[in-house]
Structures are given as C-alpha cells and as structure tokens.
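K.L.:
Any chance you could fold what I've pasted below:
(2 chains)
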There are 2 protein chains.
Amino acid sequence: MSATFELDARLAGDTVVVGDLPLCRVLLMRDQRFAWLVLVPRHAGLVEVADLAEADRAALWREVDQAGAALRTVAPCDKLNIGALGNIVRQLHVHVVARVEGDAAWPGPVWGSGKAEPYADIEGMAERMRRALVLG
Amino acid sequence: MSATFELDARLAGDTVVVGDLPLCRVLLMRDQRFAWLVLVPRHAGLVEVADLAEADRAALWREVDQAGAALRTVAPCDKLNIGALGNIVRQLHVHVVARVEGDAAWPGPVWGSGKAEPYADIEGMAERMRRALVLG
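P.N.:
As a prediction, this is how the structure comes out:
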C-alpha cells in the first residue's frame, strides 16, 4: 500500500504501545480491569480482515495466537476473548483479552462494559507484555 | 481426536444449522435483528482457537472469511464483527455478524445485547445463507 500507516487517534489515546510484531503494532489497553491487547496491522486503509492480502491475514491470526499466549503468561486467565469489531474505530484492529471468571464484565463482552480503570504502573505491565512477546 | 463431535446444547437451541464447511458446522442465530452466523469446528474438546492444530486454525479463519463474504451477499452491511468469546458456552465457536449502523446494538457488541427476536421464516434465511456459502 502506498499510504503511510498511522494509528487511529482514539486507539492511540486508549492504549500504550507494547511494540511491533512482523505485521501488527501491539497495544495495551489503559484499563487495569482486564489484561487486554489490541493488534493493528501496520498498513493504511484497512477496515475488514478481508481487506488484508491472504498472507497478511494468516500473519494476523498467527500474531493473535502469539498475543494470546503472551497474555496467558503474564495474566493467567480462564478464557481468551478475540474480537474484531470496528463499529466505532474503523481502522482494522483485533482485540485479545484475558478473561477471568467474575471479572468486571464477566460473562459479558468487555467492549462497552463500564469505565476503564487506569493502571498504577502501565509501563510495568507493557514491559511484562513486551518480554512475553519476546519484543523486549 | 477420538471423541465424537457433539454440538453444545445451548448453541443448538439458539440456532438452526446452515450446513458444514470442511472444518466447521455453520449455524444461523435465531435472531432476526442481526444476520449472524456461528462457526463451530467439528472436533470434540476444543475451547480456545489455540487448541486447534495449525492447519485447522488456518481453515477456521478461511471459513470465517467465507462466512463474512456470504453474509455480505445476503445482508449488505456496514461492518462485519468477528468474535471468539466462549465465556458462557465453552465449546469453541466463532461469531460472524453483519452489522448495520443503527441496528439494535449499534455501535456496541451484539453479545448480551437485548433479547433475540425470532425470524418469521428462519428456514428461508438459512437457505439463502446455504446458497451464498455454496452449501446448497
């Protein structure tokens, strides 16, 4: 793609950057209620998963698996939730969330559920995620 | 896997069967508010996407793409939503939902949003989905 990748302003505001996997920028949501990563393929103009070329689509889902494994390392959980919604932010992004029985949204989805709670030390959490993703 | 695949009772009750793709049973949600398919890999004992062997994982996401394309044919939409949650029903399943601006849950997620509304003719809708998926 010719245009330059630029992270959506709302995604940027809601997250801190963990690092870059081969395809995606990995973001950590500023919400200590959930261990919650967001993966954003670094191409301009993507909205749907189907907008990715086939090889990139495969890379996206591999990186979602990596994110899930890293989350499990850092934040043991009962269930991973994976979601590509994009109803509000149209830039293609995939949520990977470590869910724990009884968490703030359990058993409902995290999206649109209550108010984000800031981390006391989000950089510490981002660093743990970075190490788990071997991005350190 | 040795155990026989059996569809979770709650998934079975909430849906009608559209048909089988190579990996997944394709279900249509009994909720006329949203054009909404659910894909269930036909192996026993799966909970997380990561429980699938690598080739099946690739097949799952290809079939999710197919489901999205079929939904777009039958029910033009503004955004596809893809979700693998499984907080309530643990059997691995992936939701693919055609979202329209202003629909009953817009812009929130469909999961846990309001009460399902029955179709007048769900078999007609299942047949349209079957044709769009070339399962007819």
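K.L.:
quick check, the biggest helix by length in chain A touching chain B?
P.N.:
Counting residues, the longest helix found in chain A (DSSP state H) is helix A:54-74. Yes: Helix A:54-74 reaches chain B (Cβ under 8 Å from any Cβ of the partner chain) through A:57, A:58, A:61, A:64, A:65, A:68, A:69. From N, CA and C alone the C-beta is placed, and that goes for glycine too.
K.L.:
Now for the last one: which residues touch it?
P.N.:
For residue A:69, the residues meeting the contact criterion (Cβ atoms under 8 Å, 6 or more residues apart in numbering or on different chains) are A:132, B:50.
K.L.:
All the helices of chain A, residue numbers only.
P.N.:
Counting by DSSP H, the helices of chain A are A:9-14, A:54-74, A:122-132.
K.L.:
Quick check: which of those helices is buried the most?
P.N.:
Most buried of the helices of chain A, by mean neighbour count (mean count of other Cβ atoms under 10 Å in any protein chain shown): helix A:54-74, with a mean of 19.
K.L.:
hey, what's the residue nearest to the spatial centre of chain A bridged with?
P.N.:
Nearest residue to the geometric centre of chain A (Cα atoms, centre = their mean): residue A:38, 1.2 Å. Beta-bridge partners recorded for residue A:38 (DSSP bridges): residue A:27, residue A:95.
K.L.:
low pLDDT regions in chain A?
P.N.:
Chain A contains residues with pLDDT under 70 at A:1-2, A:136.
K.L.:
Next, the contact list for residue A:88, please.
P.N.:
Applying Cβ under 8 Å, 6+ apart, the residues near residue A:88 are A:10, B:107.
K.L.:
now residue A:133
P.N.:
A:18, A:19, A:21, A:26, A:66, A:67, A:70.
K.L.:
nearest to chain B, of the residues of helix A:54-74 next to chain B?
P.N.:
Using Cβ to the nearest Cβ, residue A:61 comes nearest to chain B of the residues of helix A:54-74 next to chain B, at 4.9 Å.
K.L.:
Quick check: buried residues in stretch A:91-103?
P.N.:
For stretch A:91-103, burial by neighbour count (16 or more other Cβ atoms under 10 Å in any protein chain shown) applies to A:91, A:92, A:93, A:94, A:95, A:96, A:97, A:98, A:99, A:103.
K.L.:
Which of these sits closest to chain B?
P.N.:
Of the buried residues of stretch A:91-103, the one sitting nearest to chain B (Cβ to the nearest Cβ) turns out to be residue A:99, at 5.9 Å.
K.L.:
Give the burial count for the nearest residue to the closest one once chain neighbours are set aside, as a bare number.
P.N.:
Excluding the flanking residues, the one nearest residue A:99 by Cβ to Cβ, 6 or more residues apart in numbering or on different chains is residue A:79, at 4.6 Å. By other Cβ atoms under 10 Å in any protein chain shown, 20 other residues sit near residue A:79.
K.L.:
surely residue A:79 meets residue B:92?
P.N.:
No: with contact defined as Cβ atoms under 8 Å, residue A:79 does not reach residue B:92; the gap is 10.7 Å.
K.L.:
a markdown table for the contacts of residue A:133, including distance to residue A:4?
P.N.:
A markdown table is the format used below for these (distance: Cβ to Cβ, whole Å):
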| residue | distance to residue A:4 |
| --- | --- |
| A:18 | 21 |
| A:19 | 19 |
| A:21 | 19 |
| A:26 | 19 |
| A:66 | 25 |
| A:67 | 24 |
| A:70 | 27 |
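K.L.:
List just the nearest of the residues you listed to residue B:115.
P.N.:
Among those, residue A:67 lies closest to residue B:115 (Cβ to Cβ), at 33.4 Å.
K.L.:
what sits against the residue nearest to residue A:99?
P.N.:
Applying Cβ under 8 Å, 6+ apart, the residues contacting residue A:79 are A:99, B:47, B:48, B:85, B:86, B:87, B:90.
K.L.:
circling back: which one of the helices of chain A lies nearest to residue B:113?
P.N.:
helix A:9-14 (21.3 Å).
K.L.:
Alpha carbons of the closest one, as CSV, please.
P.N.:
Output of helix A:9-14 as CSV, limited to C-alpha atoms (Å, rounded to 0.1, in the frame of the first residue of the first chain):
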residue,chain,number,x,y,z
ALA,A,9,-6.2,8.7,17.3
ARG,A,10,-8.8,7.0,19.6
LEU,A,11,-6.8,3.7,19.7
ALA,A,12,-3.7,5.7,20.4
GLY,A,13,-5.4,7.5,23.3
ASP,A,14,-6.9,4.4,24.8
